[in-house]
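Enquirer: Need the 3D shape of this:
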Amino acid sequence: MIENMKEITLDAVVGEASKMKSDGQRLVALSCTQLDADNFDIIYTFDKELVLTNFRVTVPKGSDCPSISGIYFAALLVENEIQDQFGIMFNGLVLDFGRTLYLDEEITTIPMCNNTKAMTVKK
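Expert: Take a look at the predicted model:
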């Protein structure tokens, strides 16, 4: 079990990230995993004075997630990686590689998605 975990909705992602930034929290990581055939989890991890704080959002397949790259610029790399590897698109990315950060343009499968039939690749 992850300590200091707060469950949030997709609508709350940007607001929660803004609160973290205002509190002096440093973005440490974003991690994504496929929960089941219909949902993914993204865990956002922040640090302040060696205390980690996390929030978790469940993203249904086919839904977009708001980007926090306008708040934490470095998030653009991980958000683009999640787009490449899991097919979750991020709205408002400050620099969107369109699923070509790590993948060639002709790649149409989603590497980390177990149920690729349910996923459509948006370009």
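Enquirer: so where does the closest residue to Q25 other than its chain neighbours fall, helix or strand?
Expert: Excluding the flanking residues, the one nearest Q25 by Cβ to Cβ, 6 or more residues apart in numbering is F46, at 3.9 Å. Any C-beta I mention is one placed from the backbone N, CA and C, and that applies to glycine too. Taking DSSP states H and E as the definition, one finds F46 inside strand 39-48.
Enquirer: And for E81?
Expert: helix 75-86.
Enquirer: tell me which element the closest residue to F40 other than its chain neighbours falls in.
Expert: In this structure, F40 finds its nearest non-sequential neighbour in V59, 4.7 Å apart by Cβ to Cβ, 6+ apart. Taking DSSP H and E as the criterion, V59 maps to strand 51-60.
Enquirer: And the helix or strand just after that strand, what does it pack against?
Expert: Counting by DSSP H and E, the element after strand 51-60 in chain order, helix or strand, is strand 65-66. Under the contact criterion of 3 or more Cβ pairs under 8 Å, 6 or more residues apart in numbering; DSSP states H and E, strand 65-66 touches helix 13-22, strand 90-91.
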